[in-house]
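In: No letters, just coordinates:
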């Protein structure tokens with residue numbers, strides 16, 4: 001089962017954050033490659049190649065050879081890399097401008113009853129297990145550690161993926177932060193190894209208490 005999103009208008013603080021981000025991105029500049037950059041690396045590459053051809057094989061042959069390779073690689077690859085960075089920056093600004101102009105965002109409102117967090121074991125992130133109805137739970141992974149400031153809380157909205165990628169925020173908290181139930185990181189790891197891992201924003205019809213017990217039994 002997938003969660004359902006509904007469109008709404010921006011809240012004032014969301015619009016303020018978007019416009020601040022817009023201003024920051026408009027001020028960002030992608031560096032330009034000057035002619036003297038090509039001249040410098042061209043001369044460096046040619047000189048290194050010449051020296052490499054004149055000295056006996058050894059440590060310095062390796063050093064000058066590597067220098068020549070990197071110098072010529074800069075000349076060949078850097079123009080495309082700069083083009084790619086400029087295109088990415090422009091695309092982001094276009095998506096940001098279009099989002100602000102549209103004035104709406106799709107979210108899924110959650111009114112949770114209880115929340116448990118299965119702590120990170122290696123680098124997989126924390127897993128939040130959210131009871132949002134009787135025998136219904138929602139799994140939410142915190143891969144990038146962006147939920148830790150005001151989450152978990154019982155009332156919140158989940159942003160749709162495109163807005164999340166644009167703003168870098170997964171949820172919009174609407175109540176005070178709570179202290180969740182805690183599942184040991186080793187218990188989570190053992191459970192995932194034995195049963196499998198729930199997907200991000202996946203829902204399941206299961207007893208919250210029974211699920212937490214199953215996790216803890218794997219400690």
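Out: Thanks, I have the structure now. Computed from a predicted structure; not experimentally measured.
In: what residue is smack in the middle of this structure?
Out: Residue closest to the mean C-alpha point of the chain, counted by Cα atoms, centre = their mean, is residue 144 at 5.5 Å.
In: tell me which element that one is part of?
Out: If you go by DSSP states H and E, residue 144 is not part of any helix or strand.
In: Please apply the same query to residue 53.
Out: helix 35-54.
In: swap in residue 100?
Out: helix 59-102.
In: for that helix, packing partners?
Out: With contacts taken as 3 or more Cβ pairs under 8 Å, 6 or more residues apart in numbering; DSSP states H and E, helix 59-102 sits against helix 12-27, helix 35-54, helix 161-167. Where C-beta positions appear, they are placed from N, C-alpha and C, glycine not excepted.
In: related to what we said a few turns ago, enumerate the positions of the helix holding residue 53 that are buried.
Out: Across helix 35-54, burial judged by 16 or more other Cβ atoms under 10 Å covers 41, 44, 45, 48, 49, 51, 52.
In: tell me which of those residues is nearest to residue 201?
Out: Taking Cβ to Cβ as the measure, residue 201 sits nearest to residue 41 out of those, at 47.0 Å.
In: before we move on, back to that, TSV for the buried residues of helix 35-54, including pLDDT and distance to residue 22?
Out: Output for the buried residues of helix 35-54, formatted as TSV (pLDDT from 0 to 100; distance: Cβ to Cβ, whole Å):
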residue	pLDDT	distance to residue 22
41	77	36
44	79	40
45	77	41
48	80	45
49	81	47
51	78	50
52	80	50
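In: Tell me the one of those residues nearest residue 96?
Out: Relative to residue 96, the closest of the buried residues of helix 35-54 is residue 41; by Cβ to Cβ it sits at 34.6 Å.
In: Tell me who's in contact with that closest one.
Out: Applying Cβ atoms under 8 Å, 6 or more residues apart in numbering to residue 41 gives the contacts 71, 72, 74, 75.
In: Looking at these, which is nearest residue 109?
Out: For the contacts of residue 41, the residue nearest residue 109 by Cβ to Cβ is residue 74; the value is 51.0 Å.
In: What pLDDT does the model give the closest one?
Out: On pLDDT, residue 74 comes in at 78.
In: do the one 10 residues further on as well
Out: pLDDT, the model's per-residue confidence, is 81 for residue 84.
In: Mind splitting this structure into its structural domains?
Out: Taking automatic domain parsing as the reference, the chain has its domains at 31-102, 106-216.
In: Could you tell me the least trusted of those?
Out: Among those, domain 31-102 carries the lowest mean pLDDT, a mean of 80.
In: what residues are up against residue 156?
Out: 109, 110, 112, 171, 172, 173, 174, 175.
In: Residue 113 contacts residue 155, doesn't it?
Out: No. Judged on Cβ atoms under 8 Å, residue 113 makes no contact with residue 155 at a distance of 11.0 Å.
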